[in-house]
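> sequence first, then the predicted structure, then my questions.
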Amino acid sequence: MPSRLARYLLMLVLPSGVLCLVFLFSLYHEEQHRVRRHLESAEELRLAVGARSLSSDIGHIASDIRFIAALPSLQAALESSDRAALARVGDDLVALSGARRVYDQLVWIDEAGVEQVRVDMVQNRPMIVDADRLQNKAPSEFFVTAMALAPGRIHVSPLVLNVEDNRVEMPYKPVIQVAVPVHDRLGNPRGLVVANFYGSHLLEKFIEVTDAREGPSRVNLLNGEGYWLRAPVAADEWGFMFGRKDNFATRFPAAWQRIAQDEHGQFEDAYGFWSFVTVRPLLAGVVPDGPRGSEGTQAYVWKVVSRIPPEVVAQAGNRHLAGWVIMTLLFMGALVAGSMVLAKAQHRRDTMAENLRAMNRRLEQKVRARTEELHQQAIRDPLTGLFNRRYLDETLPREIHRAMREAQPVSVVMIDLDHFKSFNDTWGHEAGDAILLGVAELLLDGLRASDISCRYGGEELLVVMPGADTEEAVRRITGISNDMQKLATRVMGRELPPITFSAGVATAPEHGRDAETLVRAADRAMYLAKETGRNRVVIYVPPGGSVE
């Protein structure tokens, strides 16, 4: 009996036990990959937001100084630099400084290097500096370099700490100087407009958008030499201003070598998991249709870098390890107990076998459910639940082909939320997400089951309506547009204002017989709706036709 029992146990426990362990290990391995992908995506997004914050602030400064250079009062002062003309320039600079509240100084320097008008921010109030306190900047390297620029270009200094009397000002005052040449109506150089920007505003915004409140990771901002502009430990910052040799590049030489030579990326070494992205702040001032930007735009870089310590990476991957161990032990214990019962009694073996088959069926159902869940994640937008761009690219050509084969119309509607960026800036991204969710629900409720709603990108949505002609598509989208204006949304106790959208409609085969042409036609119609007043549905009209 003991040997027989042992044989049954070996026959049942060993093969089944190995299979169960392999199966559980594969599930655990998939969970590890999912956690790792989430970690990588979260860090990549956080760094992208931080880089975008830095670039946008520099872009705003460039826009401001170009605006100052084009002021009518400044152009008038170039023609006649009497006290009244200079006073008008000063009043305009005071108004701009008071509205922005991010500039330490706004200055007009003439071609000889002498300050003509300067507005200082004193105790949070913009003040015009008296004429006897204006300075001669002709000897400064910044003035010489900026005066040599071609018309329309800007010069941006590195982000440094303000220095007074050859000493770093205390408390620290990070500043960036931005200058643009000024020319009179005949094109003659007449000096510079210079803005001293409070770098603390840029850094505080950067810290705000990159702060990981739920994790230990902190984002570093480095200059091109590997010195910290913003560090997890404040004592490490601004080392180059004090001649210190210790910096990120010397502390993590291998990591810095990879970070310095690549634009962006992620990697892991003995110090943890690194993510980085390159910011070229001087490119933020480039005008797409005008002169190509700044001096040294490619050479001057910042690096946005995050590091997750190895113990945190391991902890994230093993967060559910205890649960998996318990599950494995319980499963194996049940298997051993079942095997012993089968070995002791023949009639109970059949019953246990049926139980095992039922268990396998349940496991298969879980696997199928998991597979379906992964499939849905691959084709659905995680925020709105609508289909994503990948699903659209697979489905739209198939729907057009079927419509052509069955001689039926198929309409495509491109939707773009009106003033959505301004809405996000005013109410916050949580409110923007809530609006996107509300629009998605309206689409799902207002469309047919056969219609396909996709998130095309950002605030753009695309709807495919098989079997619907242009008139039917316009009617349905107009109804959804009306419902949207009645949409009541609350976020964090705040009632959000209604928002509208503009839509363009294109129908096959009238406006195209392939997916690319049809989407392009709907997109052009949508932009026409934007240009003609927004909050409307426009049907695509080929060149030479009239708008409907």
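That came through fine.
> so who does Asn162 touch?
The contact partners of Asn162, taken as C-beta atoms under 8 Å, 6 or more residues apart in numbering, are Asp104, Val168, Glu169, Lys173, Pro174, Val175. The way it works is simple: take the backbone N, C-alpha and C, and place the C-beta from them, glycine included.
> what about the stretch 51-200 of the chain, any weak spots by pLDDT?
The model of the stretch 51-200 of the chain has pLDDT under 70 over residues 165.
> show me where it has strands.
Using DSSP state E, counting those that start in this stretch, the strands of the stretch 51-200 of the chain run over residues 103-109, 115-122, 125-128, 155-156, 160-161, 163-164, 167-168, 174-183, 189-198.
> including mean neighbour count and distance to Arg37, could those go into a markdown table?
Shown next, in a markdown table, are the strands of the stretch 51-200 of the chain (neighbours: other C-beta atoms under 10 Å; distance: least, C-beta to C-beta, whole Å):
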| stretch | mean neighbour count | distance to Arg37 |
| --- | --- | --- |
| strand 103-109 | 24 | 43 |
| strand 115-122 | 20 | 46 |
| strand 125-128 | 16 | 50 |
| strand 155-156 | 26 | 37 |
| strand 160-161 | 18 | 39 |
| strand 163-164 | 10 | 46 |
| strand 167-168 | 11 | 44 |
| strand 174-183 | 22 | 36 |
| strand 189-198 | 24 | 38 |
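> just to revisit the earlier point, most widely separated two among the contacts of Asn162?
Asp104 and Val168 (14.9 Å; C-beta to C-beta).
> number of nearby residues for Leu93?
26 (other C-beta atoms under 10 Å).
> is it true that it touches Pro126?
Yes. Shown here, Leu93 and Pro126 form a contact pair, counting by C-beta atoms under 8 Å, at 7.5 Å.
> between those two, which contacts overlap?
With C-beta under 8 Å, 6+ apart, Leu93 and Pro126 have common neighbours Leu106, Val119.
> got the contact list for Asp451?
The contact partners of Asp451, by C-beta under 8 Å, 6+ apart, come to Val463, Val464, Met465, Pro466, Ala468.
> can we see that at 6 Å?
Contact analysis of Asp451 by C-beta atoms under 6 Å, 6 or more residues apart in numbering lists Met465.
> what's the spacing between it and Asp433?
Asp451 sits 23 Å away from Asp433, going by C-beta to C-beta, to the nearest Å.
> tilt between the longest helix anywhere in the chain and strand 103-109?
In the chain, ranked by residue count with DSSP state H as the criterion, the top helix is helix 2-69. If you take axes from the mean of the first three to the mean of the last three C-alpha atoms, to 10 degrees, helix 2-69 sits at 40 degrees to strand 103-109.
> just checking, what packs against helix 2-69?
strand 174-183, strand 189-198, helix 199-210, strand 272-279, strand 302-308, helix 310-317, helix 321-344 (3 or more C-beta pairs under 6 Å, 6 or more residues apart in numbering; DSSP states H and E).
> next, the angle strand 302-308 makes with the fourth one.
Compare the direction of strand 272-279 with that of strand 302-308 by the same axes, to 10 degrees and you get 160 degrees.
> quickly run through the sheet partners of strand 272-279, with directions.
strand 264-269 (antiparallel), strand 302-308 (antiparallel) (DSSP bridges).
> helix 310-317 and the longest one, what's the angle between them?
Just to be clear, that refers to strand 302-308. 60 degrees.
> orientation of strand 302-308 relative to helix 199-210 in degrees?
Using the same axes, to 10 degrees: strand 302-308 against helix 199-210 is 40 degrees.
> surely Ile477 touches Ile539?
No. Here Ile477 lies out of contact with Ile539, judged by C-beta atoms under 6 Å, at a distance of 10.6 Å.
> picking that back up, ok, so of the contacts of Asn162, who is nearest Tyr227?
Pro174 (12.8 Å).
> output the strands of the stretch 51-200 of the chain as CSV; include the columns distance to His264.
Output for these, formatted as CSV (distance: least, C-beta to C-beta, whole Å):
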stretch, distance to His264
strand 103-109, 31
strand 115-122, 36
strand 125-128, 39
strand 155-156, 22
strand 160-161, 25
strand 163-164, 33
strand 167-168, 32
strand 174-183, 23
strand 189-198, 26
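> from Asn535, how far out is Ala503?
10 Å.
> actually Leu437, sorry about that
Leu437 is 20 Å from Asn535, by C-beta to C-beta.
> now swap in Val412 and tell me
Distance of Val412 to Asn535, given as C-beta to C-beta: 20 Å.
> and Ser450, by the same measure?
In terms of C-beta to C-beta, Ser450 sits 27 Å off from Asn535.
> compare the two (neighbour count), which wins?
Asn535 (16 against 11).
> just the pLDDT for the more buried one.
On pLDDT, Asn535 comes in at 92.
> same check, this time on Asp289
pLDDT, Asp289: 33.
> same check on Pro397?
94.
> for the strand or helix carrying it, buried residues please.
Element membership for Pro397, per DSSP states H and E: helix 389-405. Buried residues in helix 389-405, defined by neighbour count with 16 or more other C-beta atoms under 10 Å: Tyr391, Leu392, Thr395, Leu396, Glu399, Ile400, Ala403.
> then it to CSV, C-alphas only?
Coordinates of each C-alpha in helix 389-405 appear next as CSV, following Å, rounded to 0.1, in the frame of the first residue of the first chain:
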residue,chain,number,x,y,z
ARG,A,389,-5.8,55.2,-33.4
ARG,A,390,-4.5,51.7,-34.0
TYR,A,391,-7.9,50.2,-34.1
LEU,A,392,-9.1,52.9,-36.5
ASP,A,393,-6.2,52.2,-38.8
GLU,A,394,-7.2,48.5,-38.9
THR,A,395,-11.0,49.1,-39.2
LEU,A,396,-11.6,52.0,-41.4
PRO,A,397,-10.1,50.5,-44.6
ARG,A,398,-12.2,47.4,-44.0
GLU,A,399,-15.4,49.4,-43.6
ILE,A,400,-14.7,51.4,-46.7
HIS,A,401,-14.0,48.2,-48.7
ARG,A,402,-17.3,46.6,-47.5
ALA,A,403,-19.2,49.8,-48.3
MET,A,404,-17.8,49.8,-51.8
ARG,A,405,-18.6,46.1,-52.3
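> brilliant, that's me finished.
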